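[1] Fold the following, please.
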Amino acid sequence: MRTIREPAVAGLFYPDQPQILDAAVEKYLSGVPANKNDLGQDLRPPKALIVPHAGYLYSGATAARAYHELALSADQINRVVLLGPSHRVGFHGIAFCGSDFYRTPLGDIPIDHSALAIVSELPQVGLLDQAHEHEHSLEVQLPFLQKILRSFKLVPLVVGEADTQSVAEVIERLWGGEETLFVISSDLSHFHDYATAQQMDA
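    Here you go, the predicted model:
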């Protein structure tokens, strides 16, 4: 019997009706300005994306700019390693879940248990379903991935208190080739205006 991690923030952070959600994601993606990839000058897919995880009203357009970069190379990617911070459960390390699928209104995404078996050998990685149950940082990325990639396996990891070395070890073990994409779900910044943030990031 398959187990499913049900949507926790559908209808809150993004639409819960499949057709409305599909149309919303399509609208965000189609609103991204053309760049060099659209002209076929660089077909190599990005290895990693850093994407915000607020409600789509606030972050959908920014998220779309990142996911739009995958459009011409979507058929090369069949595994997504998705890392996001824990907002509701405090713990040390990095947590995977015991479910077989992550569900969104657009359908079910299979979880790559073979990949999880590889990283679960690390002492900082463990099973903690509670960290996934109500967490939005991973979930809000999935409809964009479903729209762009269509078919892929997911490695969902919620990050608690973990140092950079602990996260780097997980990334190294799952690095793979062009078939593997890393998506880092981030708050980015809630506090600074655009000019200040640019200066800090320079």
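[2] The closest residue in space to residue 188 that isn't next to it in sequence: neighbouring residues, count only.
    Once flanking residues are discounted, residue 188 sits nearest to residue 52: 4.9 Å by C-beta to C-beta, 6 or more residues apart in numbering. To be clear about C-beta, it is placed using only N, CA and C from the backbone, and glycine gets the same treatment. The criterion is other C-beta atoms under 10 Å. On that basis, residue 52 has 20 neighbouring residues.
[3] which residues does residue 52 contact?
    Under the criterion of C-beta atoms under 8 Å, 6 or more residues apart in numbering, the neighbours of residue 52 are 58-59, 62-63, 185-188.
[4] Quick check: it vs residue 72, distance?
    23 Å (C-beta to C-beta, to the nearest Å).
[5] before we move on, what about residue 103?
    Separation of residue 103 from residue 72 (C-beta to C-beta): 28 Å.
[6] So which residues make contact with the helix or strand of the chain with the lowest mean pLDDT?
    Within the chain, judged by mean pLDDT, DSSP states H and E, the helix or strand with the poorest mean is helix 194-201; its value is a mean of 82. Counting by C-beta under 8 Å, 6+ apart, the neighbours of helix 194-201 from elsewhere in the structure are 189, 192.
[7] How far off centre is that helix?
    Its chain's average C-alpha position is 24 Å from that of helix 194-201, according to C-alpha atoms, centre = their mean, to the nearest Å.
[8] Stretch 46-59 too?
    Centroid displacement of stretch 46-59 relative to its chain, using C-alpha atoms, centre = their mean, is 8 Å.
[9] go on, stretch 137-147?
    With C-alpha atoms, centre = their mean as the basis, stretch 137-147 stands 6 Å off its chain's centre.
[10] Ends of that stretch, what's the gap?
    With C-alpha to C-alpha, to the nearest Å as the measure, the first residue of stretch 137-147 is 18 Å from its last.
[11] And for stretch 121-131?
    Across stretch 121-131, the terminal residues are separated by 19 Å (C-alpha to C-alpha).
[12] Now stretch 63-78 - C-alpha only, CSV.
    What follows is the C-alpha trace of stretch 63-78 in CSV, where atoms were taken according to Å, rounded to 0.1, in the frame of the first residue of the first chain:
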residue,chain,number,x,y,z
ALA,A,63,10.0,31.6,-8.8
ALA,A,64,9.0,31.4,-12.4
ARG,A,65,12.1,33.2,-13.5
ALA,A,66,14.2,30.4,-12.0
TYR,A,67,12.1,27.5,-13.3
HIS,A,68,11.9,29.1,-16.8
GLU,A,69,15.6,28.3,-17.1
LEU,A,70,14.7,24.6,-17.2
ALA,A,71,12.2,24.8,-20.1
LEU,A,72,14.6,23.8,-22.9
SER,A,73,16.4,21.0,-21.0
ALA,A,74,13.5,19.5,-19.1
ASP,A,75,13.8,16.1,-20.8
GLN,A,76,17.3,15.7,-19.4
ILE,A,77,16.2,16.0,-15.8
ASN,A,78,14.6,13.0,-14.0
